[in-house]
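based on what follows, work out the 3D shape:
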Amino acid sequence: MTESTTTGAEAEAGAGAEATAHPSARHQPALRFDHFTVELDGRDLFAADLRVEPGAIVVVSAPGGDDATVVLDAVVHVLTGDTEPVPWRTTGTVRLETTDAALDTAAAPDDAATTPTPPPGSVAVMPRDHALIGALTATENIALGLLAQRRGTSPDPAAIGAVLDALGVPDAVRHNLAEQLSGGQQQRVALARALVTDAALIVLDDPTSELDPASRQRVHEAVATVAERGRIVLLAAPDQDDLPPHSLHLRVGRRGRHARADADPE
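Numbering: from 1, shown residues only. Take a look at the predicted model:
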């Protein structure tokens with residue numbers, strides 16, 4: 001693959017061409033990268049200068065997936081205003097951007113540290129390690145995630161059941177403790193916990209790594225359904241993974257800049 005930095009104009013055109021927004025997308029924020037870079041151990045992992053429209057699926061990939069995980073972690077760290085020490089360094093900014101002042105997190109483009117945090121519940125994350133509570137059932141883990149995201153609102157059992165149905169989680173295991181589930185079942189429960197929310201940005205770290213081809217297809221369909229409702233899905237994956245259709249694919253390149261996956265081969 002020829003590696004070249006994707007300019008903001010090229011990336012915006014690609015995102016617009018790849019994603020068809022649901023009518024509700026008009027009320028959802030976009031994801032804006034302004035000269036955003038991620039550096040780890042002296043390596044420039046990622047650079048982005050683009051606007052991702054509501055309803056888009058964006059895949060960040062890297063060999064083995066580890067560097068892609070760092071990029072997603074860095075995006076979430078900046079967006080949520082996390083102040084915990086981290087091993088990477090970012091410059092520029094990334095923010096949720098909309099005409100609705102209540103959701104706009106715009107900030108000075110050259111100072112990521114000053115980016116206001118979006119309202120609670122605007123970002124839902126599925127980490128690579130799933131982060132399930134072993135002493136709670138599959139359904140309880142999802143309900144707890146909904147409680148955290150929709151503060152003061154009781155979780156909807158029907159919505160939880162529907163997302164588990166979409167991901168193919170058997171009825172028989174939904175009331176098992178998370179620690180009793182197989183790796184693939186745990187992965188789908190963690191994914192369900194993120195997808196069932198109404199977050200504007202859904203961040204998924206390698207959501208199909210422990211799944212068979214049929215389950216992967218279910219995941220791709222569920223992700224597409226969420227995007228059609230105007231949500232942005234930001235997904236990390238190893239280079240060799242099958243990717244969701246109609247997604248904008250940004251690859252962490254050998255020289256540290258991301259390249260479009262559809263670049264001409266070397």
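
in this protein, where is pLDDT below threshold?
Residues of the chain meeting the criterion pLDDT under 70: 1-26, 99-120, 151-152, 253-266.

so where's the longest helix in it?
helix 213-228 (DSSP state H).

what is Leu50 paired to in the beta sheet?
Phe33 (DSSP bridges).

any figure for the gap between it and Ala30?
10 Å (Cβ to Cβ, to the nearest Å). Bear in mind the C-beta positions are built from the backbone N, C-alpha and C, glycine included.

Asp49 now?
For Asp49, the distance to Ala30 - Cβ to Cβ - is 14 Å.

ditto for Leu243
Distance from Leu243 to Ala30, by Cβ to Cβ: 21 Å.

who has more neighbours, these two?
Using other Cβ atoms under 10 Å as the criterion, Leu243 and Ala30 rank with Ala30 on top: 22 against 17.

you'd agree the more buried one is up against Val94?
No. The pair Ala30 / Val94 is not scored as a contact, 11.2 Å apart, by Cβ atoms under 8 Å.

let me see the contact set for Ala62.
By Cβ atoms under 8 Å, 6 or more residues apart in numbering, the residues touching Ala62 are 45, 68, 71, 236, 238-239, 251-252.

no no, Arg218
Neighbouring residues of Arg218 by Cβ under 8 Å, 6+ apart: 166-168.

nearest to Val38, out of the residues you listed: which one, please.
The closest of these to Val38 turns out to be Leu167 (Cβ to Cβ; 29.9 Å).

which residues touch the closest one?
188, 191-192, 195, 215, 218-219, 222.

how about the residue nearest to Val52 when sequence neighbours are not counted, what does it touch?
The shortest distance from Val52 to any non-neighbouring residue, by Cβ to Cβ, 6 or more residues apart in numbering, is to Leu31 (4.1 Å). Listed by Cβ under 8 Å, 6+ apart, the contact partners of Leu31 are 51-52, 58, 94-97, 201, 232, 234.

now Leu31: how far from Asp206?
20 Å.

quick one: the strands in the chain, in order.
30-40, 43-52, 57-62, 88-97, 123-126, 201-205, 232-238, 248-252, 258-260 (DSSP state E).

in a markdown table: these, plus distance to Leu147.
Output for these, formatted as a markdown table (distance: least, Cβ to Cβ, whole Å):
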| stretch | distance to Leu147 |
| --- | --- |
| strand 30-40 | 25 |
| strand 43-52 | 28 |
| strand 57-62 | 27 |
| strand 88-97 | 22 |
| strand 123-126 | 13 |
| strand 201-205 | 17 |
| strand 232-238 | 22 |
| strand 248-252 | 32 |
| strand 258-260 | 36 |
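
residues near Pro213, how many?
Counted with other Cβ under 10 Å, residues neighbouring Pro213 total 9.

let me know the distance separating it from His249.
Relative to His249, and taking Cβ to Cβ, Pro213 is found at 19 Å.

from the centroid of the chain, which residue is nearest?
Val203 (1.9 Å; Cα atoms, centre = their mean).

need the contact list for the nearest residue to Leu147 once chain neighbours are set aside.
Nearest non-adjacent residue to Leu147, counting by Cβ to Cβ, 6+ apart: Pro155, 6.2 Å away. Going by Cβ under 8 Å, 6+ apart, Pro155 touches 142-143, 146-147.

those residues: which two are farthest apart?
Greatest spatial distance among the contacts of Pro155 (Cβ to Cβ): Ile142 and Leu147, at 9.9 Å.
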